[in-house]
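*Asks:* Quick one: sequence plus predicted model below, questions after.
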Amino acid sequence: MRVLVALSGGVDSSVAAALLREEGHDVVGATMKLWGGASDSGCCSVADVDDARRVADRLGIDHHVFNFTEEFERRVVAPYVSAHAAGSTPNPCIECNRHLKFRSFLDRGLRLGFDAIATGHHARVDHAGKRPRLLRGADGAKDQSYVLSCLTERELGTLLLPIGALTKPEVRSVAASLSLPTAAKPDSQDVCFVLGGGVLSRGRFLADRMSLHPGDVIDAVTREVIGKVPAVELVTVGQRRGLGVAGGGRRFAVRVDVERRRVEVGSNEDLLDTGVALTERTWVHGAVPLGTAVLAQASAHGRAFRAVVTERGLGYDAPRRRVAPGQTVAVYLGDEVVGSGLATGEAA
């Protein structure tokens, strides 16, 4: 089988390519050039492209670079900025997977005559049945099924995830045994196009692309102004630090109103909801019936929680902390991803 492997320059994709080659597949590596600006992390730097090329040389496979910078700007960066301007909390990694890795990259691979594409994600695709199933990876601490929850049957049908059955230490062990140059390379962190990561770096990045406005901090109960934030667009629902509020116990951002330039804060109890309304819902194999008991996950490394599928989204079996608007909620049946949606910030 001819397989096009997305070589990011990290150890996971390196081992994915090596395993497929050992299985006898005709493997070619390709690195996506996504970001044209300054970056020192993620999968977009010049050093990462060089590392991917060195891995390809070590494995004796061809290596290409696909330039998707314009589409990355349009599909990932611009929506990231727009979401902050609207007071939402975007997830650019999921949008990159949705539009770049599993649309542009996949489509190009198919046009070039490849039978499948492969990545180094810690998740599994089960091709044994009539329909492909997306499952959690073997390493619970590194599981990346959440960031793949936007995929549908079309993408899964041509996707291979060779390291999904391995733990991270096992991946590094394989890389070391094959003398791959990425064997000891640290994992990438933060948003790849935000230089340095963190709130300050995010603020600097956004300030170059949009107007940031100071805002009032309002007590959610008394409605009194009790503080100021330097940029209301940088506040996330659930945030505790950086709200400019001293004393009075632990306070959390419970609502962000960019238009009125204010942040409402309250106690942890004020953040509790009985469900979450979802928009832009994507189902892997068609909509899950209303009333189905599922597991849900609201962040890449968050814990799964019990829920029930409702007409507007998900209902909880017990009150839990609000999901920030704009965040992806992945839906599972056991270890299988069955769909996902974007939180609106409202209860279902």
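*Replies:* Yes, it's here.
*Asks:* Going by C-alpha atoms from here, please, whenever you check contacts or count neighbours.
*Replies:* OK.
*Asks:* can you tell me which residues contact Val81?
*Replies:* Listed by CA atoms under 8 Å, 6 or more residues apart in numbering, the contact set of Val81 reads 206, 209-210.
*Asks:* let's see 6 Å
*Replies:* With contact set as CA atoms under 6 Å, 6 or more residues apart in numbering, Val81 has no partners.
*Asks:* could you point out which element follows the helix or strand containing it?
*Replies:* Val81 belongs to helix 78-85 when assigned by DSSP states H and E. Sequence order places helix 92-96 as the next helix or strand after helix 78-85, per DSSP H and E.
*Asks:* domains of the chain?
*Replies:* Domain ranges of the chain: 2-177, 213-266, 270-343, per automatic domain parsing.
*Asks:* element containing Val308, please.
*Replies:* For Val308, the element it lies in under DSSP H and E is strand 305-309.
*Asks:* residue boundaries of the strands in the stretch 201-348 of the chain?
*Replies:* 215-219, 225-229, 252-257, 262-266, 272-283, 293-297, 305-309, 313-321, 328-333, 336-343 (DSSP state E, counting those that start in this stretch).
*Asks:* Just the C-alphas of the strand holding Val308, formatted as PDB.
*Replies:* Output of strand 305-309 as PDB, limited to C-alpha atoms (Å, rounded to 0.1, in the frame of the first residue of the first chain):
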ATOM      1  CA  PHE A 305     -17.600  13.000  32.200                       C
ATOM      2  CA  ARG A 306     -21.000  11.300  31.900                       C
ATOM      3  CA  ALA A 307     -23.700  13.000  29.800                       C
ATOM      4  CA  VAL A 308     -26.800  12.400  27.700                       C
ATOM      5  CA  VAL A 309     -27.400  13.500  24.100                       C
END
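*Asks:* Sheet partners, orientation included, of that strand?
*Replies:* Partner strands for strand 305-309, per DSSP bridges, with pairing direction: strand 293-297 (antiparallel), strand 313-321 (antiparallel).
*Asks:* Residues touching it, excluding its own?
*Replies:* So strand 305-309 is contacted by 290-296, 314-317 (CA under 6 Å, 6+ apart).
*Asks:* run the last query once more with 10 Å
*Replies:* Strand 305-309 has contacts (CA atoms under 10 Å, 6 or more residues apart in numbering) with 274-276, 287-298, 313-318, 320, 331-332, 348.
*Asks:* just the helices in this protein please.
*Replies:* Ranges of helices in the chain, per DSSP state H, are 11-22, 46-59, 69-72, 78-85, 92-96, 105-111, 153-156, 168-177, 198-207.
*Asks:* Against which helices or strands is the second one packed?
*Replies:* Here helix 46-59 touches helix 11-22, strand 26-33, strand 63-67, going by 3 or more CA pairs under 10 Å, 6 or more residues apart in numbering; DSSP states H and E.
*Asks:* Go through these and name the closest to Arg303.
*Replies:* Taking CA to CA, helix 11-22 is the member of these nearest to Arg303, at 23.1 Å.
*Asks:* and the closest one, how far from the chain's centre?
*Replies:* Distance of helix 11-22 from its chain centroid, counting by CA atoms, centre = their mean, to the nearest Å, is 22 Å.
*Asks:* re earlier: okay if I get the strands of the stretch 201-348 of the chain as a markdown table plus distance to Val15?
*Replies:* As requested, the strands of the stretch 201-348 of the chain are exported to a markdown table (distance: least, CA to CA, whole Å):
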| stretch | distance to Val15 |
| --- | --- |
| strand 215-219 | 48 |
| strand 225-229 | 45 |
| strand 252-257 | 42 |
| strand 262-266 | 46 |
| strand 272-283 | 30 |
| strand 293-297 | 28 |
| strand 305-309 | 32 |
| strand 313-321 | 37 |
| strand 328-333 | 27 |
| strand 336-343 | 24 |
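*Asks:* Extract the residue ranges of the stretch 151-300 of the chain that are flagged as low pLDDT.
*Replies:* 189-190, 195-200, 247-248 (pLDDT under 70).
*Asks:* do that again at 90, thanks
*Replies:* Residues of the stretch 151-300 of the chain meeting the criterion pLDDT under 90: 184-205, 220-221, 240-251.
*Asks:* Find the nearest non-adjacent residue to Glu311, please.
*Replies:* Sequence neighbours aside, Leu290 is the residue nearest to Glu311 in space, at 6.6 Å (criterion: CA to CA, 6 or more residues apart in numbering).
*Asks:* Report the contact partners of that neighbour.
*Replies:* 308-314.
*Asks:* before we move on, back to that, of the contacts of strand 305-309, buried ones?
*Replies:* Buried positions within those, assessed by neighbour count (16 or more other CA atoms under 10 Å), are 274-276, 288, 293-298, 313-316, 320, 331-332, 348.
*Asks:* want to try TSV for the domains of the chain, with distance to Val191 as columns?
*Replies:* Output for those, formatted as TSV (distance: least, CA to CA, whole Å):
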stretch	distance to Val191
domain 2-177	7
domain 213-266	15
domain 270-343	13
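*Asks:* and Asn91, how many neighbours does it have?
*Replies:* Close neighbours of Asn91, defined as other CA atoms under 10 Å, add up to 20.
*Asks:* again, but for His84
*Replies:* Neighbours around His84, by other CA under 10 Å: 21.
*Asks:* Next, the buried residues of stretch 71-87.
*Replies:* Neighbour-count burial for stretch 71-87 flags 71-72, 75-77, 79-81, 83-87 (criterion: 16+ other CA under 10 Å).
*Asks:* show me the contacts for Ser104.
*Replies:* Applying CA under 10 Å, 6+ apart, the residues near Ser104 are 32, 66, 68, 71, 97-98.
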